[in-house]
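turn this into a structure:
(4 chains)
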Number of protein chains: 2
Amino acid sequence: MKARTEDSAERILKAAEQEFAKYGLEGARVDRIAKKASANKAMIYYHFRSKDKLYRTVIEKKLSYLHEFIRNNLDNIEDPDRIFRNFAEFYISIFDEIRGFLPILLREIIAGGENIKRLLQNPGGVSPAELLTGTIQKGIESGHFRDIDVRQTALSFVGMNLFYLMMSPVAKILLEIENEDEFKKARAAAVADLFLNGLRVRNE
Amino acid sequence: MKARTEDSAERILKAAEQEFAKYGLEGARVDRIAKKASANKAMIYYHFRSKDKLYRTVIEKKLSYLHEFIRNNLDNIEDPDRIFRNFAEFYISIFDEIRGFLPILLREIIAGGENIKRLLQNPGGVSPAELLTGTIQKGIESGHFRDIDVRQTALSFVGMNLFYLMMSPVAKILLEIENEDEFKKARAAAVADLFLNGLRVRNE
DNA sequence: ATAGTTTAACCAAATGGTTAGTTGAGAGAC
DNA sequence: GTCTCTCAACTAACCATTTGGTTAAACTAT
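Predicted coordinates for the structure are as follows:
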């Protein structure tokens, strides 16, 4: 029955992610997770030791996945414009991947959770924050970009990108977006365009 | 004994806001709220009928306050540049006001709560979303702004602004901001500057 | 004024439903 | 025969809500 085990642990994790996303750690019900995973409650305690541990496992799996994604896609690029365009595309590309997980992530951020720092620190490489500020700095020094505050600008860039990820359901209603797929597809280019234009030196 | 009453209800509301912000609706403990408010638990049920009702009261009070603030400060402005600068300053000005409340707001947004639509719809006036898209549209038509997607741009602008409000504790760590007050003070101008520069027509 | 009545504000302790976590017996695979 | 997995029934704790009061201010008829 070994094969079934891995299945059931997998099923539990998936069900747990949905449950935690919908209700949060406190609001989530272990019985409901078991039912959703077509598993017995005892199985949850057999595979994971507690509700809390299950929760942390869900988060860790997802974070390490995202980490790898970042490492594979954003390091080792030279052209500043290219980096920002790639970043913007990266945010869109993780959209579907992260959508179900986002509520968990946001609640963790709200709570100031320690779990979150790991995502943002990118161990064993340059952190995304450093990559951004560094790129802007270089652009300024080379005369490519205007002389603006590096950190304010980096924050603005991340905000433009992540805000849409976080708020897309709300944004959809407020901006009356009918075709979300199309809007999403155009998003990365629109962000990079606005941002790079805002940075570029004017020759007037 | 009338004076005492209003005090205690007030104290409970204040304590409840903190408790709900920290732990969410499910995680919040009525006992803890009572203790924090130096009130008896039964008093909470006397003034507000249930934990749920108390929660809703906390949200409603805050939302109606924010509403009034928006109405008093953002309507009836003509110059497009001015509108964006004011918006950016508005977000910063509610910073302290909203900081303790933000976790509640975010959790509501995550949950897709109905409570939230009221904030964003701004009844009895132009909604903030319409104000922004309208202003951008006018700017484009007058040749003041480049010809870009109005909704993408509006979303980017709101994102630049709100993301900082939401993430300031995280941003502080990642960007190694020591003097947050100063950073905050410079924020509105930095955002408006980047945004307006990104929109403006280039004469090259 | 004042005794008598009502009412709002307050409280400690009990109630009862819910739920995380446990247990122990058993089924099937190898 | 033992290891992995499944299950229903259990329990201990937690926690929202209720109960059954007390207190003191405010009103009212005398």
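
so which residue is dead centre in chain A?
residue A:98 (5.9 Å; C-alpha atoms, centre = their mean).

and the gap between that residue and residue A:66?
Residue A:98 sits 7 Å away from residue A:66, going by C-beta to C-beta, to the nearest Å. Bear in mind the C-beta positions are built from the backbone N, C-alpha and C, glycine included.

over to residue A:51?
Taken as C-beta to C-beta, the span from residue A:51 to residue A:66 is 23 Å.

read off the pLDDT value for the residue lying closest to residue A:194 once chain neighbours are set aside.
Leaving aside its chain neighbours, residue A:194 sits nearest to residue B:198 (4.2 Å; criterion: C-beta to C-beta, 6 or more residues apart in numbering or on different chains). With respect to pLDDT, residue B:198 scores 96.

gap between residue B:198 and residue A:141?
21 Å.

now do residue A:117
Distance of residue A:117 to residue A:141, given as C-beta to C-beta: 30 Å.

same deal with residue A:66?
For residue A:66, the distance to residue A:141 - C-beta to C-beta - is 31 Å.

show me what contacts the residue lying closest to residue A:32 once chain neighbours are set aside?
In this structure, residue A:32 finds its nearest non-sequential neighbour in residue A:19, 5.9 Å apart by C-beta to C-beta, 6+ apart. Residues near residue A:19 by C-beta atoms under 8 Å, 6 or more residues apart in numbering or on different chains: A:28, A:29, A:32, A:33, A:36.

cool, residue A:156 as well?
Each residue near residue A:156 by C-beta under 8 Å, 6+ apart is listed here: A:195, B:160, B:190, B:191, B:194.

okay if I get these as CSV plus secondary structure and pLDDT?
Formatted as CSV, the contacts of residue A:156 follow (DSSP: H, G, I helix; E, B strand; the rest coil; pLDDT from 0 to 100):
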residue, secondary structure, pLDDT
A:195, helix, 98
B:160, helix, 96
B:190, helix, 98
B:191, helix, 98
B:194, helix, 98
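
by neighbours, which of the residues you listed wins?
In terms of neighbour count, residue B:160 stands highest of the contacts of residue A:156 at 29 neighbours, by other C-beta atoms under 10 Å in any protein chain shown.

so that residue sits against residue A:160, correct?
Yes: using C-beta atoms under 8 Å, residue B:160 makes contact with residue A:160 at a distance of 5.6 Å.

hey, which helix or strand in chain A has the poorest pLDDT?
Least confident helix or strand, chain A: helix A:114-121 with a mean of 68, by mean pLDDT, DSSP states H and E.

next helix or strand past that one?
Counting by DSSP states H and E, the next helix or strand C-terminal to helix A:114-121 is helix A:128-141.

list the buried residues for that following helix?
The neighbour-count check on helix A:128-141 (16 or more other C-beta atoms under 10 Å in any protein chain shown) flags A:128, A:129, A:130, A:131, A:132, A:133, A:134, A:135, A:136, A:139, A:140 as buried.

out of those, who's nearest residue A:166?
Relative to residue A:166, the closest of the buried residues of helix A:128-141 is residue A:128; by C-beta to C-beta it sits at 16.2 Å.

ranges for the helices of chain A?
A:2-27, A:30-36, A:41-47, A:51-74, A:80-93, A:95-99, A:102-110, A:114-121, A:128-141, A:150-174, A:180-199 (DSSP state H).

what mean pLDDT does the fifth one have?
Helix A:80-93 shows a mean pLDDT of 90.

give me the residues contacting that helix.
With C-beta under 8 Å, 6+ apart as the test, helix A:80-93 has contacts from A:69-70, A:73-74, A:77, A:131-132, A:135-136, A:138-139, A:144-145, A:157, A:161-162, A:164-165, A:184-185, A:187-189, A:191-192, A:195-196.

which of those count as buried?
A:70, A:74, A:131-132, A:135-136, A:139, A:145, A:157, A:161-162, A:164-165, A:184, A:187-188, A:191-192, A:195-196.

is it true that residue A:21 touches residue A:99?
No: assessed by C-beta under 8 Å, residue A:21 is found out of contact with residue A:99, at 9.2 Å.
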